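**Student:** coordinates only, no sequence provided:
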C-alpha cells in the first residue's frame, strides 16, 4: 500500500532524491566507489559541497549579496549556542521572540553566553499564536525569531522591521515560500524537513556581521573559521550534504520557492478548509498565524479517537500523532508531500 | 576494474554494509518508507540507536562496567572542546600528549576552556615517533592522548599507567585491535574510518567522571544531557548512526576486535616488510611506533614518482597520496580493507 508520510521531521523527501541518494551510496558518479567511502577533500565531493552552498544562496536570491552559506553539524540546537557566541557582544545584549519549545531552547543557550532579553512570548496561551506589536530594542546586537513552530503549528507571516540584525531559525519552513530573504542577516535550518536527511544544518549569514563581538570563540563554533574553510574545517556530514544538494537541485528544477509555494498554499487550504468546516475537528493555532507546514488539530469529541486513528492508519497515513507536549494531531505537509496525500487525509477526515 | 580503496577517511567500508545502507535508504525494514524520512523517535529508529550504542560497548568489553556510549555530531573536532568543558575543573588543569595535528587541535580547544599543560611532544622530529617516559602530573584532571596519528602514521602501542583519568582520541584505530579498553575513562572517535560514514562521533565515557567540574556547560556540549537523552537530545545523524550500527554488527559477526586484529596485523606486516626490504621506499614513522592503520612512506628517489604513480593507478589503487603536511604516500589499511588489496599494492611496489 502507498504510504502517505506526514512526519514532522525527519520527514518526506522527493522520491527521485531518495533514489539518487541510494544509488550514490552504491556507486558515486560511476566511480566504482561509494559516496561514503571517498575523501571529503576529493574533487568530486568538494564539487558537491560547493554546489549545495551555491544552490542554497540561489534559491533564496542571496547570491552576490554579501552572504555566505555553510553546512555544519549539530542541528539547530548547536546553532542556539553558536549564534550568541558569534553575534552577542561581550557587553551587549540579544533580543529574542519566544514562540515555543525551539525559541525557548535558543533563549536558554543565549543566556549561557550573555545578556538575553525575551521581548515577547505567546507562552500564556500554550504558544498557539504569534505575538505582535512588540518593541525590538534598538540597542540589542540582534533580534532572534523562529519562523515556523513545528510543535504548535504557528508561523510568522510578516517579519518585523528593525534596524538591528535579524536572525531566524527556519528549520521547519525554509525554502517553502517566496519571501524577501535579504531582510534577514542570519538564517539557519536543520536539514531534516524541507532540505534533506538529518545530520547537517544550513547557515546563511551576512559576512559583515561577523568578528565584532570582542569574544574568543572555540574553533568549531566560529562561523568565520567555518566560512574560511568552506564547510570543511573538519570532515562534514557527507551523505546528508549530498542528499541536501539533490533536494535543492530538485527544488530548482521544480521552479524554486515561488513554484513550491503555490502547491504548499493549495495543500494548506485543502486541510484547513476541512478543519474549519468539519465539526469533528478543532484547529489548535490561531487562524491568522496558522502554519502552512505543520497543521495541528484536535478532535472535538475525544471518544472518536480510536475510530479516527483506525481510519487514517487504514489509508496508509503515517506520522499524524501530535507532539507529546500538545497532543492531538499534526499533519506536516512539507515541500515533498504531494497534494494527493493531503487529499487522502481530508477524505479520511470526511469519513469521521 | 576492481578498486582498492586506501583512503585515509572517509574510507572503505564492508561491501555488505554499503549494500544494506543503500537498501535502507530506499526501504527501511520493509516499511515502505526510507530510513531518512522517518521520525528519529519512532520505535524502529530508537532500536537502531540502542543497538549501535550497545554494540559499541560490547565490542570493547565495556558492558555493565559503568560506561555510557553515545553517538553525537560534530566529529572529533567538537570533542576537542566538549572534553575540557566536561572534565576540566574550573581551577584544575589538563595534561596533553602532543603527537601531531589532531593532538595539537585538541590542545588548542582545551586551552580555550582552561589550564592546559603539554607534557610531551614529538614535534621536534616532524611527529614521526611517539614520546615515551614522560611524567603525567598526578594533580591533573585528566590525561589526553591520540592513539593513532593518521597523518604521520604513528600509533601508541602501550598506553601509560596513571592514577588520573585517561582520555583517548581513537578516531583512526578504534575497533582495530584487542586492547584493555577499561584502562580508558573516555574514548571518542569520529565514525569515518573503522565505524561508518562521516557525520557521527562515538563517545564512550565512564559515568562517574561527569558532573564534577563546577562549570556550567552549554546543553549540546554536556555529556550528562546527551547520556540522559540517550543520544536523542536533538535529531541525531540518522543515516550515519544506522550505517555505523551495520558496521559494528559486521565486526561482531566477524569475531570482534580480536579476530580483525589478526587480519590487520597480517596486512601491516605485508606492507612494512616490503618497505623495509625494497630500496625504493623509506618508511616515515619510527619502526617501533608504526601505525597498523596508516602506513606512511616516501620514495628513496623522487624522480621515480611519475613511474610509481602510474603503476598504482593502473592497478586500480585509490587514495594513496600522503597528507599535504607530510607528502609522500600513505596507505590506510583500515578494518574493511581486504588483505588482497594490500597484496595488490605490494605487487606494484615490487614492480618499481
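**Tutor:** Looks like it arrived, so ask away. Note that the structure is predicted; figures quoted are calculated from it, not measured.
**Student:** what is the neighbour count of whichever residue of the stretch 251-352 of chain A sits closest to chain B?
**Tutor:** Nearest residue of the stretch 251-352 of chain A to chain B (Cβ to the nearest Cβ) works out as residue A:319 at 6.3 Å. Yep, even glycine has a C-beta here, placed from its N, CA and C like the rest. For residue A:319, the neighbour count with other Cβ atoms under 10 Å in any protein chain shown is 22.
**Student:** now swap in residue A:244 and tell me
**Tutor:** Residue A:244: 29 neighbours (other Cβ under 10 Å).
**Student:** quick check: pLDDT value at it.
**Tutor:** Residue A:244 is assigned a pLDDT of 98 by the prediction.
**Student:** state the helix or strand in which it lies.
**Tutor:** helix A:238-254 (DSSP states H and E).
**Student:** what does residue A:276 give?
**Tutor:** helix A:256-277.
**Student:** what does that helix rub up against?
**Tutor:** Taking contacts as Cβ atoms under 8 Å, 6 or more residues apart in numbering or on different chains, the residues outside helix A:256-277 that touch it are A:59-60, A:175-178, A:251, A:254, A:281-283, A:290, A:292-293, A:295, A:297, A:331, A:333, A:335, A:337, A:339, A:342-343, A:345-346, A:349-350.
**Student:** for PyMOL, what selects the buried ones among the residues you listed?
**Tutor:** Per 16 or more other Cβ atoms under 10 Å in any protein chain shown, the buried members of the contacts of helix A:256-277 correspond to this PyMOL selection:
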select buried, chain A and resi 59+60+175+176+177+251+281+283+290+292+293+295+297+331+333+335+337+342+345+346+349
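**Student:** among the contacts of helix A:256-277, name the ones in helices.
**Tutor:** Those of the contacts of helix A:256-277 mapping onto helices are A:59, A:251, A:254, A:339, A:342-343, A:345-346, A:349-350, per DSSP state H.
**Student:** need these in CSV (columns: distance to chain B and pLDDT).
**Tutor:** Putting the ones in helices among the contacts of helix A:256-277 into CSV (distance: Cβ to the nearest Cβ, whole Å; pLDDT from 0 to 100) gives the following:
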residue, distance to chain B, pLDDT
A:59, 21, 98
A:251, 16, 98
A:254, 18, 98
A:339, 18, 98
A:342, 17, 98
A:343, 19, 98
A:345, 16, 98
A:346, 21, 98
A:349, 22, 98
A:350, 25, 98
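**Student:** would you mind listing what in the stretch 51-200 of chain A touches chain B?
**Tutor:** A:73-78, A:80-81, A:105, A:108-109, A:112, A:190, A:192, A:196-200 (Cβ under 8 Å from any Cβ of the partner chain).
**Student:** can you map out the helices along chain A?
**Tutor:** A:15-26, A:43-59, A:75-87, A:101-113, A:223-228, A:238-254, A:256-277, A:305-314, A:339-351.
**Student:** who does the fifth one touch, helix- and strand-wise?
**Tutor:** Yep, that's helix A:223-228 we're talking about. In this structure, helix A:223-228 packs against strand A:67-72, helix A:75-87, strand A:201-206, with contacts taken as 3 or more Cβ pairs under 8 Å, 6 or more residues apart in numbering or on different chains; DSSP states H and E.
**Student:** turn the ones you listed into CSV, including mean neighbour count and mean pLDDT.
**Tutor:** Listed next are these as CSV, based on neighbours: other Cβ atoms under 10 Å in any protein chain shown; pLDDT from 0 to 100:
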stretch, mean neighbour count, mean pLDDT
strand A:67-72, 23, 98
helix A:75-87, 25, 98
strand A:201-206, 24, 98
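**Student:** how about JSON lines for the ones you listed, with distance to residue A:305 added?
**Tutor:** Listed next are the helices and strands packed on helix A:223-228 as JSON lines, based on distance: least, Cβ to Cβ, whole Å:
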{"stretch": "strand A:67-72", "distance to residue A:305": "41"}
{"stretch": "helix A:75-87", "distance to residue A:305": "32"}
{"stretch": "strand A:201-206", "distance to residue A:305": "36"}
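**Student:** follow-up on the earlier one: for the residue of the stretch 251-352 of chain A closest to chain B, give its distance to residue B:40.
**Tutor:** According to Cβ to Cβ, to the nearest Å, residue A:319 stands 12 Å off from residue B:40.
**Student:** same thing with residue A:219?
**Tutor:** 28 Å.
**Student:** those two - which one has more neighbours?
**Tutor:** Per other Cβ under 10 Å, whichever of residue A:219 and residue B:40 has more neighbours is residue B:40, with 21 against 18.
**Student:** how about that one, nearest residue that isn't a chain neighbour?
**Tutor:** Excluding the flanking residues, the one nearest residue B:40 by Cβ to Cβ, 6 or more residues apart in numbering or on different chains is residue B:235, at 5.2 Å.
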